[in-house]
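Participant: Would you be able to build a 3D model of this:
(chains A and B)
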Amino acid sequence: LAKTTQPISMDSYEGQEVNITCSHNNIATNDYITWYQQFPSQGPRFIIQGYKTKVTNEVASLFIPADRKSSTLSLPRVSLSDTAVYYCLVGEGNQAGTALIFGKGTTLSVSS
Amino acid sequence: GAVVSQHPSWVICKSGTSVKIECRSLDFQATTMFWYRQFPKQSLMLMATSNEGSKATYEQGVEKDKFLINHASLTLSTLTVTSAHPEDSSFYICSARDSGRPNWEAFFGQGTRLTVV
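Facilitator: Purely as a prediction, here's the structure:
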């Protein structure tokens, strides 16, 4: 499994755009990039997944450069409720028997 | 959408007793479920992979006799912490991947906070 590196923590203010970058230099051809969000005392929640270029949903955007060695999760206009830990995971998508392996994640703190 | 339900959400038990945690996939079948443990301010650590109808696969360093896993149906896996001790106090989370979703999206239970006193 490709190792991921992301900042330990980030601070932001309400209304700002937050970009969290994840490095995954050893990503394999079949690997997808997935981001999860975790609030205290809750299980992780899927945010977004992509393979290349840009993916956008109602929550976030995911930017993946051509070499796919990194990815950036973009949260538009964050609010206090976006304070959470964000995990970047890299792995094959179509394996039900494969567990997700979590790195340290990025703790995002949003202030008013 | 797909949901994984975990019960109980929290439990306090005395040292030496056993505690059972249930994990259910509510609207999809999961031949495989995963159990994680998370200590305060740390990431999720995979403990074991639960396979329906067969033995679970444990990660290195996880005692299979202490953390009993049973996956008797396609929608239910249980984790029993036997002879619990204070050092077993942690946040336990289960997960399952839904083959009906794009890229077998993984869903997580809400977690169980175990406190051993």
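
Participant: Just checking: what are the partner strands of the worst-scoring helix or strand of chain B on mean pLDDT?
Facilitator: None of the helices or strands of chain B scores lower by mean pLDDT, DSSP states H and E than strand B:106-108, at a mean of 90. According to DSSP bridges, strand B:106-108 forms sheet pairs with strand B:90-97 (antiparallel).

Participant: So for chain A, the centremost residue is which one?
Facilitator: The centroid of chain A falls nearest to residue A:35 when counting by Cα atoms, centre = their mean (3.2 Å).

Participant: which strands and helices sit next to the helix or strand it falls within?
Facilitator: Element membership of residue A:35, judged by DSSP states H and E, is strand A:31-38. Here strand A:31-38 touches strand A:45-50, strand A:61-64, strand A:84-92, going by 3 or more Cβ pairs under 8 Å, 6 or more residues apart in numbering or on different chains; DSSP states H and E. C-beta here means a position set from N, CA and C on the backbone, and glycine is covered the same way.

Participant: Looking at the ones you listed, spot the one closest to residue B:105.
Facilitator: The minimum distance between residue B:105 and the helices and strands packed on strand A:31-38 falls on strand A:45-50, with 5.8 Å, by Cβ to Cβ.

Participant: Quick one: residues contacting the closest residue to residue A:86 other than its chain neighbours.
Facilitator: Spatially, and ignoring its direct neighbours in sequence, residue A:86 is nearest to residue A:106 (4.8 Å; Cβ to Cβ, 6 or more residues apart in numbering or on different chains). Counting by Cβ atoms under 8 Å, 6 or more residues apart in numbering or on different chains, residue A:106 makes contact with A:6-10, A:20, A:85-88.

Participant: In terms of helices and strands, where is residue B:37?
Facilitator: In the assignment (DSSP H and E), residue B:37 maps to strand B:32-38.

Participant: Quick one: check that strand for contact with chain A.
Facilitator: Yes: Strand B:32-38 comes into contact with chain A (Cβ under 8 Å from any Cβ of the partner chain), by way of B:32, B:34, B:36.

Participant: ok, of those residues, which one's closest to residue B:91?
Facilitator: Closest approach between the residues of strand B:32-38 next to chain A and residue B:91, by Cβ to Cβ: residue B:36, at 8.6 Å.

Participant: Where does pLDDT dip in the chain?
Facilitator: In the absence of a named chain, this looks at chain A. Along chain A, segments meeting pLDDT under 70 span A:1-2, A:93-96.

Participant: um, chain B though
Facilitator: For chain B (pLDDT under 70), the answer is B:1-2, B:103.
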